[in-house]
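Trainee: Turn this into a model:
(one chain, ligands or ions: 2)
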Amino acid sequence: MKDVMTHSDPKTVEDAAALLRAGQLCAFATETVYGLGADATNADAVLSIYETKGRPRFNPLIIHCADLAMAETLAEFSPLARRAAALWPGPLTLVLPARPGNGLADVAMAGLDTVAIRIPDHPLALALLAAVGKPLAAPSANPSGRLSPTTAFQVRLGFDGRVPVLDGGPCRAGVESTIVRVLEDQLVQLRAGAIARHDIEQALGLSVAVADKDAAVAAPGMLVSHYAPNASLRLNTTPKAGEAYLAFGKAQDFAGPTRNLSPSGDLHEAARNLFAMLHELDGLGADMIAVAPVPDRGLGEAINDRLQRAAAPRD
Ligand code: TXA
Ligand code: MG
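Mentor: Numbers count the residues shown, from 1 in each chain. Ligands and ions are numbered 1, 2, ... in the order given. Below you'll find the predicted structure:
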């Protein structure tokens, strides 16, 4: 059998924390499944998650926190959210209104104004989060479309040993966390997971609704019109008078508001700038943003997916 052990596997929590602080990826054990971790405040590190998983589009990621104090810097906690957070640490992810300027990379939240947070119930994951001192974005540590890994061995197998893994033994739960959106006066389950809805209801003395598959609240990553700027978008084009221009690579001369995703044509840089530049052009008040063609290779696939969603007709 092929040897898939890496020589770069961290031996200690401190080694793993050093990798993550340096902007590198490190997989780690949680009680649900192994996560592919990155510093959630570092856009390049978060983009490496999408690249490594081969994820075709930017889906918002779950942000893992060391404790409630860290979580409170990222999101607004209503009294209801505070009640639900009593189940932390645990396999419950809460979708909450993001705090403006919370320092998270736009790509981690996929440009949404809500953020999905959990505190994992695993001693090694908690020690790692405390050692890094920053929130970690972590989807399941498998190539896109494959099964979630529940052992370090499966992570190494999935990524051919290319990703360092902090081995914490087999995962207790083996399925992903339950995702619950906290609305003003109601909890809505968006994804069934490692803690049953009934158990959440029992523990909190509250009822938990189930998201309607068609409801906008259900899965923002799945909606056709997802990240919607105020302006409309025209794709693969050049700008006309009165429009704003989102360029890529060599930009044509244009007198109106212009941002360039990457003057040098670097898709990694373009992905990092995408949400921020759409926000900026939106803020300048244009009704229409003309977007230059972006090649469909590598991260370009995710960029074009997001642009198509932003350009899609809205209700
Ligand atoms: O157990 C787990 O949750 C694992 C371990 C590693 O913690 N993580 C995990 O993460 O499953 P991920 O990134 O694969 O799951 C993200 C899910 C996606 O379905 C995404 O749509 C949803 O969370 N999500 C993230 N942010 C959201 C938001 N603001 N609103 C609604 N759903 C959100
Ligand atoms: Mg997954």
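
Trainee: Is the nearest residue to Glu14 once chain neighbours are set aside in a helix, a strand, or coil?
Mentor: Nearest residue to Glu14, sequence neighbours excluded (CB to CB, 6 or more residues apart in numbering): Ala131, at 6.1 Å. (Each C-beta comes from the backbone N, C-alpha and C, glycine too.) The three-state label given to Ala131 by DSSP: H, G, I helix; E, B strand; the rest coil is helix.

Trainee: Just the helices from the stretch 51-200 of the chain, written as ranges.
Mentor: Secondary structure of the stretch 51-200 of the chain by DSSP state H, counting those that start in this stretch: the helices cover 68-74, 79-84, 106-109, 123-132, 152-158, 197-204.

Trainee: and the fourth one, which residues are buried?
Mentor: In terms of neighbour count (16 or more other CB atoms under 10 Å), helix 123-132 has its buried residues at Leu124, Ala125, Leu126, Ala127, Leu128, Leu129, Ala131, Val132.

Trainee: Can you spell out which helices and strands pack onto that helix?
Mentor: helix 13-21, strand 26-28, strand 35-39 (3 or more CB pairs under 8 Å, 6 or more residues apart in numbering; DSSP states H and E).

Trainee: So is it next to ligand 1?
Mentor: No - counting by CB under 6 Å from any ligand atom, ligand 1 is not contacted by helix 123-132; separation bottoms out at 8.2 Å.

Trainee: For that helix, give me every contacting residue.
Mentor: 13-14, 16-17, 20-21, 28-31, 35, 37, 39, 64-67, 70, 89, 119-120, 135-136, 166, 168 (CB atoms under 8 Å, 6 or more residues apart in numbering).

Trainee: Can you pull the residues of the stretch 101-250 of the chain lying near ligand 1?
Mentor: So the stretch 101-250 of the chain meets ligand 1 at 112, 114-116, 120, 138-140, 176-177, 179, 190-191, 219-221 (CB under 6 Å from any ligand atom).

Trainee: Just the buried residues from the residues you listed, in ChimeraX please.
Mentor: Buried residues within these, by 16+ other CB under 10 Å, are selected in ChimeraX with:
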select :112,114,115,116,120,138,139,140,176,177,179,190,191,219,220
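
Trainee: Show me which pair in the residues of the stretch 101-250 of the chain next to ligand 1 is furthest apart.
Mentor: In those, two members sit farther apart than any others by CB to CB. They are Pro120 and Pro220, at 22.5 Å.

Trainee: residue ranges with poor pLDDT in the stretch 101-250 of the chain?
Mentor: 213-228 (pLDDT under 70).

Trainee: residue boundaries of the strands in it?
Mentor: Assigned by DSSP state E, counting those that start in this stretch, the stretch 101-250 of the chain shows strands spanning 114-118, 136-137, 165-166, 178-182, 187-191, 208-210, 232-234, 244-247.

Trainee: buried set for the last one?
Mentor: Residues of strand 244-247 classed as buried under the neighbour-count rule (16+ other CB under 10 Å) are Ala244, Tyr245, Leu246, Ala247.

Trainee: any idea which of those is closest to Gly54?
Mentor: Distances from Gly54 to the buried residues of strand 244-247, taken as CB to CB, are shortest for Leu246 (25.3 Å).

Trainee: ok, the nearest residue to that closest one once chain neighbours are set aside - contacts?
Mentor: Once flanking residues are discounted, Leu246 sits nearest to Val291: 4.5 Å by CB to CB, 6+ apart. When contacts are counted by CB under 8 Å, 6+ apart, Val291 is found next to Leu233, Arg234, Leu235, Asn236, Thr237, Leu246, Phe248, Leu307, Ala311.

Trainee: Kindly report the same for Ala27.
Mentor: 34-37, 141, 149, 152, 155, 159, 163-166.

Trainee: and of the helices and strands packed on helix 123-132, who's closest to ligand 1?
Mentor: Of all the helices and strands packed on helix 123-132, strand 35-39 sits nearest to ligand 1, with 3.0 Å by CB to the nearest ligand atom.

Trainee: Which pair of the contacts of Val291 spans the longest distance?
Mentor: Maximum distance among the contacts of Val291 (CB to CB): 14.9 Å, for Phe248 and Ala311.

Trainee: Could you check which of the two is surrounded by more residues?
Mentor: Each of Phe248 and Ala311 has its neighbours counted (other CB atoms under 10 Å); Phe248 has more, 24 against 18.

Trainee: wait, that one sits on Asn260?
Mentor: Yes - at 6.9 Å, Phe248 and Asn260 qualify as touching, with contact defined as CB atoms under 8 Å.

Trainee: Which residue ranges make up each domain of this protein?
Mentor: Domain segmentation of the chain under automatic domain parsing yields 13-222, 232-311.

Trainee: Check those for me and report the most buried one.
Mentor: When the domains of the chain are scored by mean count of other CB atoms under 10 Å, the highest mean neighbour count falls to domain 13-222 (a mean of 19).
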